[in-house]
Every structure is written in structure tokens, then in C-alpha cells.
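> Turn this into a structure:
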Amino acid sequence: MLATAEQRDFCEKPLLIAAQNSIVDSRFRDTDYRGTQNYIGESISFQQQRIHYICPKPEDIADLMAGLIAAHRKLKSSAVSALVHAAIISYGFVFMHPFEDGNGRLHRFLIHNILSQRGSVPEGLMFPVSAAMLKNPALYSTSLEKYSIPLLQLIDYDLDELGVMVVRGDTGCWYRYIDMTIQVEALYEFVIKTVEEELNEELDFLVSYDNTKRAIQNIVDMPDHHINLFIRLCLQNNGHLSATKRESHFKILSDDEIVRMEKTVREGYNL
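Numbering: from 1, shown residues only. A predicted model of the protein is given here:
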């Protein structure tokens, strides 16, 4: 999915549905926005749940999502910062929770998509901001809870023993005009962490990879795709090529060559 982020603007209903279909199990693909009441919670005892977030009522979803997409179009043609734009739309999306499954992943994908579409990410680069979000769960959770916790005090609902929720009253207004200041600040922090930590780690990996690849070529001058596979398989097995993988992919190599190449991988990646 990330490879498609720079190709087109995904923030329209048919493409969001297609994106949801591509990232979830085929049994949980949606053909439209959800038609049931959703919530996020956890079981704390038999027949008792702790509710973390109550999603908009299904009858409100179509209008709320139409508003979110209209806001996206206005922001896209405005002078508003791309980072502010990405935060408003991506967090707005996850707060709407328009699908039964895949909302969190699509929320993070939209950040990549909007930053790419606004020209904030160099063409061909996968800017790993979603990795920074998942590596900093406390900051990520806070950015969600600053909205979700106060919201719980405003929603009147019933939850039966089967976990079916019914929300009472008109609640659409609580989702329509959200102050996204906290979420914008959080995304800014994630972008800083991406630049200072994630990209550095990726660059370190690539430098190690290039050095290791050259060293392996000095041992056996194999085609690039063979070297790539050898390095990848060794990294998956703590610097060693398993007997099974050797038999299936590298039978032509001698014992001495395998030992030297494994040592090269371990030294290249400090394993």
C-alpha cells in the first residue's frame, strides 16, 4: 500500500473502500461504510468491558465522511501546512471509524498519502512516519485519548451481554467539529522522530547492506538477487544460513564460501 501513496489521492469514498479491501482478510471486506454501531473496548471480566472509544452512529457516517472528504479537498488547495492537513484528515478518519476493520492502518496510510500528494516527501521515498507512531505507543495513545476520553462523558449508550452497543440521542455534533490541535502536535513529534531516528536507522542499514554486498562479491561474484537473498536469509537467522535454505537456494556454494559469507553478514550488521 505504501508504494501507492504517491500515485494518487486516496481520500474519496470508492478508493478508501478499495484500500480497505486490500489490507484486510477477504472475509471482512466492506462494500460501503459500516452499517453497525462500532466501539473500541477490552474485556475486564466475564460480561464486562472497559470502553475506550465510541464511534459515530452508523446513520451519521455517510454525512460525517462526506464532510471529512470535503475538508480534505479544501485543505489540499489551500496554503495550510501539509502536516496540519495530514493530521486533520488522518485523525478525523480514525475518529469516524467508517469501516468494520482496517481503520487504524488506513488512518496511518492517509498520512503517507497526503504528505506525498502535497509534495512534502521526495518522489520515490517511503517516509516511515507510521513506523515512528507504532514505536512510540504512549505518544500515539495519548494523541487518540485526548479526544476519546472526554467524548465518553458526552455519549449515552447501552451495552448488552453480547457486546452489542446502542447509542442514544443525537451525537453527530461531537464528531463534526473536532479541535485537532493535540493531534497536529503529535504528528509533528512523529515526523521529528522519523527524521531523526527512523531515517537514520534505515540509512545505517543501507550503508551496512552496501558494504556487506561488496564484501560478499569479493568472496563469490554472484548475481545481485542471489546476494540479496543470502543477506536476507542470514539476517532472519541471526547471521547464519539454515541447512534447509542452503539446500534449496545455495547448493552450488562450498562450505568455506558459506562460512566466509556468513561471517561477512555478521560483521556487517554487528550480529
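
> Helices along the stretch 151-271 of the chain, start to end?
173-176, 181-193, 199-219, 224-236, 243-249, 255-268 (DSSP state H, counting those that start in this stretch).

> Mean pLDDT lowest where, among these?
Lowest mean pLDDT within the helices of the stretch 151-271 of the chain: helix 199-219, a mean of 86.

> May I see the buried residues of that one?
208-209, 212-213, 215-216, 219 (16 or more other C-beta atoms under 10 Å). In short, each C-beta sits where N, CA and C put it, glycine included.

> before we move on, back to that, out of the helices of the stretch 151-271 of the chain, nearest to Ser143?
Among those, the nearest to Ser143 by C-beta to C-beta is helix 181-193 (3.5 Å).

> Next, the angle from the closest one to helix 199-219.
Per axes from the mean of the first three to the mean of the last three C-alpha atoms, to 10 degrees, the angle that helix 181-193 makes with helix 199-219 is 30 degrees.

> Now helix 181-193: buried residues?
By neighbour count on 16+ other C-beta under 10 Å, the buried set for helix 181-193 is 182-184, 186-187, 190-191, 193.

> what does stretch 225-239 give?
Within stretch 225-239, the residues scored as buried using 16+ other C-beta under 10 Å are 227, 229-231, 233-235, 239.

> Just the closest of the buried residues of helix 181-193 to Ala79, please.
Nearest member of the buried residues of helix 181-193 to Ala79, counting by C-beta to C-beta, is Val184, at 15.6 Å.

> For the nearest residue to Gln117 once chain neighbours are set aside, the count of nearby residues, please.
Using C-beta to C-beta, 6 or more residues apart in numbering and skipping the chain neighbours, the partner closest in space to Gln117 is Asp9 (5.3 Å). Close neighbours of Asp9, defined as other C-beta atoms under 10 Å, add up to 15.
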